[in-house]
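Enquirer: Please work out how this folds:
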Amino acid sequence: SFDQISQSIGTTTTHPEEADQAITNLAIKIDSAQLKELYSKITSQKFSGDDKLLATELLIRSPLAGSLNYLKQIASQSAEEIAAHSSVNQQEFQAIQMIAVEGLAQKPQFKNEAKAALNELSQKTEDPVLLDRIHRTRLTLDGKVSPPEVQDQKALEQVLRKHTR
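Expert: Numbers count the residues shown, from 1 in each chain. Sure, this is the predicted structure:
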């Protein structure tokens, strides 16, 4: 099921809601041992970006408490170490780290644990872009701002409006 979904990433579909539901259905079925396998996929050089993206999304959607720890571990990794000194792979992993940080806020049943993880990450992280994402995600959990992806979308729309005039 993982391989089928991974292969379909990036393809167009007439039923995106069904594709999204398939990811959620798979995430609900994952057990603790499979969480570790997903983490291994994300941090391995052997897997494609699509596989890593899907594995991250499954961790985010998993209802298991252990998924929080793996998301935190992803965010705290060194992109240089994970990406074997390839700038393209580093950028890919940094994007996955930001998704993992945002994913911590998408688990309302673990809000306190997510806040603690974000606070810990903010103390350990030196990457200014990731630190910004951590800060904005913490503010989201506190109900002070929209989620970072919504903020990013609004900023992009403003930039596009300026350039289309």
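
Enquirer: From here on, just use CA atoms for contacts and neighbour counts.
Expert: Noted.

Enquirer: Using the three-state scheme, assign Pro63.
Expert: Following DSSP: H, G, I helix; E, B strand; the rest coil, the label given to Pro63 is coil.

Enquirer: Sticking with the residue lying closest to it once chain neighbours are set aside, tell me its helix or strand.
Expert: Once flanking residues are discounted, Pro63 sits nearest to Ile28: 6.4 Å by C-alpha to C-alpha, 6 or more residues apart in numbering. For Ile28, the host element (DSSP states H and E) is helix 16-29.

Enquirer: The host helix or strand of Ala114: what's the following helix or strand?
Expert: Per DSSP H and E: Ala114 is located in helix 111-124. Toward the C-terminus, helix 111-124 is succeeded by helix 128-141 as the next helix or strand (DSSP H and E).

Enquirer: buried stuff in that next one?
Expert: Buried residues in helix 128-141, defined by neighbour count with 16 or more other C-alpha atoms under 10 Å: 130-131, 133-141.

Enquirer: Tell me the helices and strands packed up against the helix or strand just after it.
Expert: Using DSSP H and E, the next helix or strand after helix 128-141 towards the C-terminus is helix 148-163. Using 3 or more C-alpha pairs under 8 Å, 6 or more residues apart in numbering; DSSP states H and E as the contact test, the elements touching helix 148-163 are helix 128-141.

Enquirer: what helices or strands is the helix it packs on leaning on?
Expert: Counting contacts by 3+ C-alpha pairs under 8 Å, 6+ apart, helix 128-141 packs against helix 87-104, helix 111-124, helix 148-163.

Enquirer: And the residue nearest the centre of the protein?
Expert: Central residue of the chain (C-alpha atoms, centre = their mean): Ile99, 2.3 Å from the mean position.
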